[in-house]
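>>> This is a predicted model, with the sequence first.
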Amino acid sequence: MTDPTLLRFPEGFFWGTATAAYQIEGAWNQAGRGPSIWDSFCRVPGAIRAGENGDVASDHYHRWQEDLGLMSELGVNAYRFSIAWPRILPDGVGAVNAAGPDFYDRLVDGLLSRGITPFVTLYHWDLPQALQDRGGWANRATAQHFADYARIVADRLGDRVTRWMTHNEPFVAALVGHLTGEHAPGLRSVEATFAATHHLLLAHGLAVAALRAAAPRVPKVGLALSLDCIHPASDTVEDQAAALRWDGLVNRLYLDPLFRGRYPDDTLALAGPAFPTIQAGDLATISAPLDFVGINYYTREVIRHDANEPVYQIGRVNPVGNDYSMMWEIYPPGLNELLTRVTREYAVPSEIYITENGIPVPDGIDADGRVRDVRRVAYLQAHIAQVHQAIAAGLPIRGYFVWSLLDNFEWAQGYHMRFGLIHVDFATQTRTIKDSGRWFRRVIDANGLRAPRAS
Ligand code: IFM
């Protein structure tokens, strides 16, 4: 008998976990890998909490077979991972490092032999340092280099990989890397920020064409965007205007060129002369139709006008009394609100994936060997229920990926922010499936979950 309280998902729904190369692989200087901007940035004093780095990370480069076994234990039918560009091309361009494609070749074969569909991201922030030395994403030439790299990877894996994402969260790569300087390459320049934005998007469009030209099997191509659910802190004109500015910088600066073929006028005006020259044909390249869009969702942003905030006078508010993780407000309804908005306002592709969703919890192992990460279970349950609601309303959501498979290197926050369904003891690299991982397995087995209790 079917259980009426179960929120069931459509047949063929993809249940997966997500990772990124620099955050899990380690082996930073092994098997011919070149240095990336994150290797350099981690060596800048004060850049990363506790001076940590991704040199070893979760040591996935050496433990990938064990990690595949753990994925089977979780029961996932999809895995989203990224390719380290400097493993393929140590200098970003030129000679291919044979050991690089070989590694991902084995990983893809291992996934497929376990019935796990690979979802490959080409760029999750680890630009080869050699390209940064030539201006990085602020240099238009990097866009073409990215397309060339995409073609090399597709030539090698495209007979087996059919789901491709060009970029992960270009907003973060552009703004956090080039305006706030909290991520590599650690710049603080308005001009570099908008140049990087345009060139990341151009690179996306060029790579879409390269993937379609190279892959022997018809690929499904998309990208993963970090989109925000944004609320003004009050109904004052100033706060509403600040929220609109933030919406322009985070959401519309990407959604509009990708799905409408033009940049939003108000955000272009905000950028002013800092925005680079948009050459003829750029927007047509950027807006090439996609097969899917990936959305990464974690939190909402409550925005107010802040006259003391440099550059755009945008401030954040943490409403009192709400629930917060180590990093952000926990706000599940924002996921459905965001999905509804995006599908209503944009001609998005007919497949949508939640390519990242998760929560950092300071997980520890109890004396009996269990990791009781009850907050993660509650978070995932509430957000997956939102996805179910969106599907019930007719939105074409085809899969959901937990960030992350393993505890890993959380960029400037280092290792204390644990996002994994699997606990990693970084001293020994011992892996332990957390309670949330076992819970996720039950969701996958049932292809559904029980509705969370209303609070
Ligand atoms: O760890 C990151 C990931 O690399 C990109 N999206 C957000 C995650 C959590 O901060």
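Now that the structure is in, tell me what you want to look at. Numbering: from 1, shown residues only.
>>> residues in contact with the helix or strand hosting residue 239?
Element membership of residue 239, judged by DSSP states H and E, is helix 237-247. Helix 237-247 is touched from outside by 228, 230-233, 266-267, 270, 301, 303-306, 312-315, with contacts defined as CB atoms under 8 Å, 6 or more residues apart in numbering. For glycine as for every other residue, the C-beta is placed from the backbone atoms N, C-alpha and C.
>>> Can you flag the buried ones in these?
With burial judged by 16 or more other CB atoms under 10 Å, the buried subset of the contacts of helix 237-247 is 228, 230-233, 267, 270, 301, 303-306, 312, 314-315.
>>> Quickly name whichever of the residues you listed is closest to the ligand.
residue 228 (12.1 Å; CB to the nearest ligand atom).
>>> now the closest one: how far from residue 257?
17 Å (CB to CB, to the nearest Å).
>>> Quick check: residues of the protein near the ligand?
Proximity of the chain to the ligand, by CB under 6 Å from any ligand atom, involves residues 20, 23, 169, 296, 356, 403, 410.
>>> ok, the fourth one - contacts?
In other words, residue 296. Contacts of residue 296 by CB under 8 Å, 6+ apart are 168-169, 224-227, 354-357, 403.
>>> partners of the residue positioned nearest the centre of the chain in the sheet?
With distances taken as CA atoms, centre = their mean, the residue of the chain nearest its centroid is residue 168 (4.4 Å). According to DSSP bridges, the partner residues bridging residue 168 are residue 224.
>>> thinking it is in contact with residue 126, fair?
No. Counting by CB atoms under 8 Å, residue 168 stays clear of residue 126, with 10.4 Å between them.
>>> which neighbours do these two share?
20, 82.
>>> check which helix or strand covers residue 266.
Per DSSP H and E: helix 265-271 holds residue 266.
>>> model confidence over that helix, on average?
Average pLDDT, helix 265-271: 98.
>>> I figured residue 304 was touching residue 231, is that so?
No. Using CB under 8 Å, residue 304 is not in contact with residue 231; the gap is 10.2 Å.
>>> what residues are up against residue 76?
With CB under 8 Å, 6+ apart, residue 76 has these contacts: 15-17, 116, 440, 444.
>>> Flag the shaky bits of the stretch 351-455 of the chain, pLDDT-wise.
Low-confidence segments of the stretch 351-455 of the chain (pLDDT under 70): 454-455.
>>> Flag the shaky bits of the chain, pLDDT-wise.
1-2, 215, 454-455.
>>> Residue 393: neighbour count?
Neighbourhood size, residue 393 [other CB atoms under 10 Å]: 11.
>>> what about the closest residue to it other than its chain neighbours, helix or strand, and which?
Using CB to CB, 6 or more residues apart in numbering and skipping the chain neighbours, the partner closest in space to residue 393 is residue 340 (7.3 Å). Residue 340 belongs to helix 333-345 when assigned by DSSP H and E.
>>> now swap in residue 401 and tell me
Here residue 401 is assigned to strand 397-403, by DSSP H and E.
>>> Partner strands of that strand, with direction?
Strand 397-403 has these strand partners (DSSP bridges): strand 14-18 (parallel), strand 352-356 (parallel).
>>> now the angle from it to helix 333-345?
140 degrees (axes from the mean of the first three to the mean of the last three CA atoms, to 10 degrees).
>>> Give me the residues contacting the helix or strand containing residue 101.
Of the helices and strands defined by DSSP H and E, residue 101 is found in helix 99-113. Outside helix 99-113, the residues that touch it by CB under 8 Å, 6+ apart are 31-33, 61, 64-65, 68, 71, 79, 81, 83-84, 87-89, 117-118, 120, 152-153, 156-157, 160-161.
>>> What of stretch 224-233?
So stretch 224-233 is contacted by 121, 165, 167-172, 239-240, 242-243, 246-247, 250-251, 254-255, 293-304, 317, 331, 334-335, 337-338, 342, 355-356 (CB under 8 Å, 6+ apart).
>>> Put the alpha carbons of that stretch into CSV.
Below are the C-alpha coordinates for stretch 224-233, written out as CSV (Å, rounded to 0.1, in the frame of the first residue of the first chain):
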residue,chain,number,x,y,z
ALA,A,224,25.4,25.9,-11.9
LEU,A,225,24.4,29.4,-10.7
SER,A,226,24.4,30.5,-7.1
LEU,A,227,21.1,32.4,-7.0
ASP,A,228,19.8,34.3,-4.0
CYS,A,229,16.4,34.7,-2.6
ILE,A,230,16.6,38.4,-1.6
HIS,A,231,14.2,40.3,0.7
PRO,A,232,14.5,44.0,1.5
ALA,A,233,15.0,44.6,5.3
